[in-house]
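Asks: have a look at this fold, sequence not included:
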């Protein structure tokens, strides 16, 4: 399983450190930016991760920006992405288990590197429950996407 990660300028330093730590246990692919540039716009990097996740079954994504919100919004514009803004391990586990979220959005301005690492590990190691009600709800989300794209 590949883990795709990206950030904006505000999350760049923590993204670099997080990717390094996660690389010890996971196959992490950094989709940018490559260096700190205040002109970097988060939608571009969110789309890179979102497209990678939807094009490779079983992969997951991690986005890092100051509040996590912009990245989450941008990623959720890509069909098949279920990006979740997460701020603790409980929410990370719940969104994977119940929503089969495939992209994690982290608010680097609110979390320490250690917190981001623990949240990420929880997200990456939690499996979707496949309970009927959760499968049904995800299918309902897909139907909404289809209606709005059709």
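Replies: On my side now, so go ahead. None of these values were measured; they are calculated from a predicted model.

Asks: what separates the helix-or-strand element of the chain with minimal mean pLDDT from the chain centre, distance-wise?
Replies: For the chain, the helix or strand with the lowest mean confidence is helix 132-149, at a mean of 89 (criterion: mean pLDDT, DSSP states H and E). Distance of helix 132-149 from its chain centroid, counting by CA atoms, centre = their mean, to the nearest Å, is 19 Å.

Asks: same deal with stretch 92-111?
Replies: Using CA atoms, centre = their mean, the offset of stretch 92-111 from its chain centre is 7 Å.

Asks: tell me the buried residues in that stretch?
Replies: For stretch 92-111, burial by neighbour count (16 or more other CB atoms under 10 Å) applies to 92-108, 111. Any C-beta I mention is one placed from the backbone N, CA and C, and that applies to glycine too.

Asks: which stretches of this structure have low pLDDT?
Replies: 39 (pLDDT under 70).

Asks: how about the helices in it?
Replies: Listed in chain order, the helices of the chain (DSSP state H) span 12-22, 42-55, 69-75, 89-99, 113-125, 132-149.

Asks: which stretch among these approaches residue 6 most closely?
Replies: helix 42-55 (3.8 Å; CB to CB).

Asks: what's the angle from the closest one to helix 12-22?
Replies: 30 degrees (axes from the mean of the first three to the mean of the last three CA atoms, to 10 degrees).

Asks: flag every buried residue along helix 42-55.
Replies: So, applying 16+ other CB under 10 Å, buried residues of helix 42-55: 42, 45-54.

Asks: just stretch 61-69 next, same as before
Replies: Within stretch 61-69, the residues that count as buried by 16+ other CB under 10 Å are 61-68.

Asks: quick check: chain neighbours aside, which residue is closest to residue 8?
Replies: What sits nearest to residue 8 in space, not counting adjacent residues and going by CB to CB, 6 or more residues apart in numbering, is residue 42, at 3.8 Å.

Asks: I'm done for today, thanks for sticking with me.
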